[in-house]
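Student: this one's structure only:
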């Protein structure tokens, strides 16, 4: 192997490591940053679909007396809005380093866009979002099929949840799916 080849390989490896680190450091931006583009007819009024879902109020449900009673009955010794058992599914980014959240992010917005699509700081711009491949390359989570989507949903909608109820993915997906209209 020549020195030039080794230098190129080292530079390529370094570039991959830097790119990987940048993706790993994507920050949560919050629904407020997604909203301007995803509220339009052209985008299928995706923001409205989220706003009208239980996901949008997931954190708020933890702030009620009923949630605190529920938590206490299950042996959780904190108010529901402070309990790991509750927060890990009722907010996005729970347990992440606070440095991974931009000022626009508010965990109290509940289960929001980035819960499923990944932290958006690197893919939030219009030029990136207009190109699906660029969005995915910048860190947006891509789901190849409904089985992958269901697997993501079941990270919270499962028997480990203190409030688990039977989860009918197909029925629930119909309520929250939000495709961009064709044409």
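Tutor: Sure, I can see it. Computed from a prediction, not measured in an experiment: that's the story for all the values here.

Student: C-alpha from now on. contacts and neighbour counts both.
Tutor: Will do.

Student: ok, residue 110 to residue 50 distance?
Tutor: Per C-alpha to C-alpha, to the nearest Å, residue 110 is found 10 Å from residue 50.

Student: With residue 77 instead?
Tutor: Separation of residue 77 from residue 50 (C-alpha to C-alpha): 31 Å.

Student: Those two - which one has more neighbours?
Tutor: residue 50 (21 against 12; other C-alpha atoms under 10 Å).

Student: And for the more buried one, nearest residue in space, chain neighbours not counted?
Tutor: Leaving aside its chain neighbours, residue 50 sits nearest to residue 56 (6.1 Å; criterion: C-alpha to C-alpha, 6 or more residues apart in numbering).

Student: who's in contact with that neighbour?
Tutor: 50, 109-112 (C-alpha atoms under 8 Å, 6 or more residues apart in numbering).

Student: ditto for residue 100
Tutor: Counting by C-alpha under 8 Å, 6+ apart, residue 100 has contacts 25-28.

Student: any idea how far it is from residue 30?
Tutor: Note on residue 100: its distance to residue 30, by C-alpha to C-alpha, is 11 Å.

Student: and if you look at residue 126?
Tutor: Taken as C-alpha to C-alpha, the span from residue 126 to residue 30 is 16 Å.

Student: quick one, which of these two is more surrounded?
Tutor: residue 30 (26 against 10).

Student: Touching, the more buried one and residue 115? I think so.
Tutor: No - with contact defined as C-alpha atoms under 8 Å, residue 30 does not reach residue 115; the gap is 9.8 Å.

Student: mind showing which ranges of this structure have poor pLDDT?
Tutor: 1-24 (pLDDT under 70).
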